[in-house]
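Asker: here is the input, now give the coordinates:
(2 chains)
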Amino acid sequence: MFLITLRDLQWRRRRFVIAIVGTSLMFSMALTLSGLSHGFDVEAESAVRQLHASGWVVATGSTGPFLGSAPLPAALATAVGRVPGITAAGPVVYGRTAVGTGPGAKDANVFGAEPGHPGMPAVSSGRPPRTAGEVAVSTRLVGDYPLGSTIALAGRRYTVVGRVPNSTILAGVPCVFLTLSDAQRLVFGNLSTASTIAISGAPTAALPRGVVLESNHDAVADLERPLLAAHSAVAFIAVLLFLVAALIVGSMVYLSALERQRDFAVLKATGITSRSILGGLAIQSVLVSVGAAALALVLSLAIIPLFPLRVVVTNDSRILLPAVGVLVGVLASGLAIRRATAVDPALAFGGP
Amino acid sequence: MPQLSITDLTIEYSSAGYRIRPIDNLTTTADAGSLLLVLGPSGCGKTSMLSALGGILTPHSGSIRVGDLEVTQLSGRDLTAYRQRTVGIVFQAFNLVASLTAQENVTVPLRAAGVPWKTARARAAELLDRVGLADRMKHRPGALSGGQQQRVALARALALDPPLILADEPTAHLDYIQVEEVLRLIRELAAGDRVVVVSTHDQRLLPLADSVVELVPSLGVTNRPPERCRLARGEVLFRQGSWGDMIYTVESGEIEIVGELANGQEELLALKEVGSYFGEVGPLYNIPRSATARARTPAVVMAYTTRDFRHRVSPLPNGKRNAAKRRAKNPQP
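Answerer: Reported below is the predicted structural model:
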């Protein structure tokens, strides 16, 4: 039966090629979306990793060091730093602001930390901000901000002294890094408050009253929380795309089964088991799906660089896609298999 | 002992809710090396009979024996094995798989029976050579003439050297030159232990046959005077599925025309009263009765041959049908 399956694929090759191309577009879009969804995770993990902290001390009741933080006194960092096991501690300020003014203004995330303390990222060029009026900007910040140029944040001007590679959070919003005092002034309007205290090491004794320790994992979860709906939407669309892919393959194989009813009747009448016939249809469907998955992997290489957001397609996803293709193919062949099962071998008799 | 033995074979199925019995208590045999011709017009049950012989249709009752094998008792894998190895079928419409070459079409049943690929290809080549298509092995059906396609179909049917070959109207779509080639091959196949059963409506095939089954009974004299029949209440004049050559008019009483449904019940189709006629379709078109006629009350009907009936009714335009009915009401003997 494999020969008949193969020959039928060759016989109706135009139709199968169209189905493979259509399905591969669906697969590549689904792959890109799953990469986008994974990109949100990678972005948050990367941002937290760049801040060089092993933990985050937050006010009790906070739901994270950044977005869900409750303000705490910056001076508490000294007390936290004395807790056994903690090797360094520095207050960190987080907030949102706009870069530029007027209609061209862009959102940005503001981080403020003390130079040489946890919470200040390494730069790829220049140096971290050390004095008031200095800023290190993400390389993803739209616009030309070379070292030494000035940038307006909420109406105040800062000099760019460093660039931090690919620093974004919250689905591509770039980050800027100020000194602690500049960030406190920008976000809280005073100099005594922080969002969290970044630490190095692991405390082996109790922290001061009123604060708790959160892990980097908690920090990542804090940054991902606003994107949960986006995650769900992306997953939903990906499922829809896989369904559309299954429909394309299913329609094509079903149409083929409709056209081949007389063939199936003859094969049954000549003693070929229904199982062989159905297996042939399923193989046909799977071959189309796997072919589409292979083409989708190539297409995704062209599509992903054009995407405006960070898309991280893992090798697992690439390996999984053909497997999903097989599953889609098997599911898609269901209707055609039902049709082929129902074919009466007596149909082989009679005129054309 | 005959190679093929059919005993009291009755095939019955439902169509649009009505019970159809194309084959009713058929008994026949065919010896090894013989060609059995099943002759009859369209709709008389030839294909149903071949389907039953091929293990595709389960008969209502009766027995089909091929050698020592009782076909009607087979099911599941045994039936599949029977279709694979015991019977080869040549279809009216050739039914080759369009995407396969002639050689690949012939290898299909061989591969299905588990014959290794190389052996299957060699056997297919040998068979195609035997039917004179050695130079057409790599051609797809679309590139072959009707006769060539039918010869490929013959080779396919012979692939596993089955003892029974069934050919359904094998010459229906062929011109006379192609017919000659195919008939010669079919006749040659009926040799050794093999039986060939050919269904056809073409009486020109009669000289080929060693035995003939006519599925339309001879209805005797078709030119005879009208005949008056008296029926008691509930008496059946003719049954659905039976053959008849007479058309009836009602002289007195009432005749009910009922359809026998597949579920065993009856459906009243028409009630024929004095002056009306019935039973004309079967004799005029040479098909079995499509309903049963039964006296609802004590009745008298007049039976006419089709020739006599045509003489009385058909020359008239539709609008004068009532006049014809009036004449039929008082027929001239």
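
Asker: what about A:P115, which SS state?
Answerer: Recorded secondary structure, A:P115: coil (DSSP: H, G, I helix; E, B strand; the rest coil).

Asker: measure it to A:T179 for me?
Answerer: 7 Å (C-beta to C-beta, to the nearest Å). (Each C-beta comes from the backbone N, C-alpha and C, glycine too.)

Asker: which one of those two is surrounded by more residues?
Answerer: A:T179 (23 against 15; other C-beta atoms under 10 Å in any protein chain shown).

Asker: the bottom helix or strand of chain B by mean pLDDT?
Answerer: helix B:321-329 (a mean of 44; mean pLDDT, DSSP states H and E).

Asker: leaving out chain neighbours, which residue sits closest to the residue in the stretch 151-300 of chain B that chain A sits nearest to?
Answerer: With C-beta to the nearest C-beta as the measure, B:D168 is the residue of the stretch 151-300 of chain B nearest to chain A, at 5.4 Å. Closest residue to B:D168 apart from its sequence neighbours, by C-beta to C-beta, 6 or more residues apart in numbering or on different chains: B:Q92 at 4.7 Å.

Asker: right, and the one you found touches B:K46 too?
Answerer: No - between B:Q92 and B:K46 there is no contact under C-beta atoms under 8 Å: 10.1 Å.

Asker: which residues are common contacts for those two?
Answerer: Common contact partners of B:Q92 and B:K46 (C-beta atoms under 8 Å, 6 or more residues apart in numbering or on different chains): B:D168, B:E169.

Asker: count the neighbours of the residue in the stretch 151-300 of chain A that chain B sits nearest to for me.
Answerer: Nearest residue of the stretch 151-300 of chain A to chain B: A:G271, at 3.1 Å (C-beta to the nearest C-beta). Residues contacting A:G271 under the criterion other C-beta under 10 Å number 26.

Asker: can you classify it as helix, strand or coil?
Answerer: Classified using three-state DSSP, A:G271 is coil.

Asker: over to A:V249?
Answerer: Going by three-state DSSP: A:V249 is helix.

Asker: how many residues are close by it?
Answerer: Neighbour tally, A:V249, other C-beta under 10 Å: 31.

Asker: and it, what does it touch?
Answerer: Going by C-beta under 8 Å, 6+ apart, the list of residues near A:V249 reads A:A19, A:T23, A:S285, A:V288, A:S289, A:A292, A:V328, A:G329, A:A332, A:S333.

Asker: next, show the common contact partners of A:P115 and A:T179.
Answerer: A:P129, A:R130.

Asker: relative to chain A, how far out is the residue nearest in space to the middle of chain B?
Answerer: By C-alpha atoms, centre = their mean, chain B has its centre lying nearest to B:K46, at 1.6 Å. Separation of B:K46 from chain A (C-beta to the nearest C-beta, to the nearest Å) stands at 9 Å.

Asker: and the strands in chain A, which stretches?
Answerer: A:55-59, A:72-73, A:86-99, A:106-113, A:125-126, A:134-138, A:150-153, A:156-164, A:168-169, A:173-179, A:193-194, A:196-201, A:211-214 (DSSP state E).

Asker: is the residue nearest to B:D168 in a helix, a strand, or coil?
Answerer: coil.

Asker: in terms of contact, does A:T179 touch A:G119 like I think?
Answerer: No - here A:T179 does not reach A:G119: they are 11.3 Å apart, not a contact under C-beta under 8 Å.

Asker: need phi/psi at the residue nearest to B:D168.
Answerer: With angles defined as degrees, to the nearest 10, B:Q92 sits at phi -60, psi -40.

Asker: distance of it from A:V234?
Answerer: Separation of B:Q92 from A:V234 (C-beta to C-beta) stands at 57 Å.

Asker: residues making contact with stretch A:258-270?
Answerer: By C-beta under 8 Å, 6+ apart, stretch A:258-270 touches A:4, A:8, A:257, A:274, A:276-277, A:339-340, A:343-348, B:54, B:56, B:83-84, B:88-89, B:91, B:93, B:95, B:97-98, B:108-109, B:112, B:156.

Asker: list the buried residues in stretch B:249-258.
Answerer: B:T249, B:V250, B:E251, B:G253, B:E254, B:I255, B:E256, B:I257, B:V258 (16 or more other C-beta atoms under 10 Å in any protein chain shown).

Asker: so the first one lies in a strand, does it not?
Answerer: Put plainly, it is B:T249. Yes - counting by three-state DSSP, B:T249 falls inside a strand.

Asker: which stretches in chain B count as helices?
Answerer: B:46-53, B:76-85, B:102-112, B:117-130, B:146-158, B:176-189, B:281-285, B:306-313, B:321-329 (DSSP state H).

Asker: show me what the first one is packed against.
Answerer: Pointing back at helix B:46-53 there. With contacts defined as 3 or more C-beta pairs under 8 Å, 6 or more residues apart in numbering or on different chains; DSSP states H and E, the packing partners of helix B:46-53 are strand B:4-15, strand B:18-30, strand B:35-39, strand B:61-66, strand B:164-168, strand B:195-200.
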